[in-house]
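>>> Just a sequence and a predicted model for now, questions to come.
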Amino acid sequence: MGIVKISDQMHENLRVAGNALSRSINAQAEHWMRIGMLTEMHPDLDYREICQLLIQAELSGGLDIIGAATGQLVKSRAASAGKH
């Protein structure tokens with residue numbers, strides 16, 4: 001773990017959003033970082049698809065940047081969606 005310096009305004013935004021969504025400030029920051037990372041790697045996906053990707057990653061043992069960057073999780077999500 002490390003320390004990430006953020007602006008006072010971003011800290012306040014995290015506090016407000018975290019309280020509204022029943023998350024700690026750290027959990028809210030991590031959520032936004034994961035959403036942002038996946039959005040940059042997969043600009044073709046919308047927010048709903050990004051959330052589905054995060055759920056699939058969690059079911060597969062957690063989000064790792066290699067799987068996210070290579071699209072492995074996107075492919076496995078699409079494949080599993082076709083099985084239902």
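Looks like it arrived, so ask away.
>>> make it CA atoms for all contacts and neighbour counts henceforth
OK.
>>> which stretches of this protein aren't confidently modelled?
The model of the chain has pLDDT under 70 over residues 71-84.
>>> any idea which element the residue nearest to the spatial centre of it lies in?
For the chain, the residue nearest the mean C-alpha position is residue 34 (3.0 Å; C-alpha atoms, centre = their mean). Take DSSP states H and E as the rule and residue 34 turns out to sit in helix 25-41.
>>> what comes up buried for that helix?
25, 28-29, 34-35, 38-39 (16 or more other C-alpha atoms under 10 Å).
>>> likewise stretch 50-66?
50, 53-54, 56-57, 63.
>>> I'd like the residues you listed laid out as TSV, including distance to residue 43.
Shown next, in TSV, are the buried residues of stretch 50-66 (distance: C-alpha to C-alpha, whole Å):
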residue	distance to residue 43
50	10
53	13
54	15
56	18
57	18
63	17
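>>> Nearest spatial neighbour of residue 29, chain-adjacent residues omitted?
Excluding its sequence neighbours, the residue lying closest to residue 29 (C-alpha to C-alpha, 6 or more residues apart in numbering) is residue 14, at 6.4 Å.
>>> Was I right to think that neighbour contacts residue 28?
Yes - the criterion here is C-alpha atoms under 8 Å, and residue 14 meets it with residue 28 at 6.2 Å.
>>> sec struct for residue 43, please.
Secondary structure of residue 43, reduced to three states by DSSP: H, G, I helix; E, B strand; the rest coil: coil.
>>> name the element residue 5 belongs to?
Using DSSP H and E, residue 5 sits within no helix or strand.
>>> Against residue 29, how distant is it?
Residue 5 sits 12 Å away from residue 29, going by C-alpha to C-alpha, to the nearest Å.
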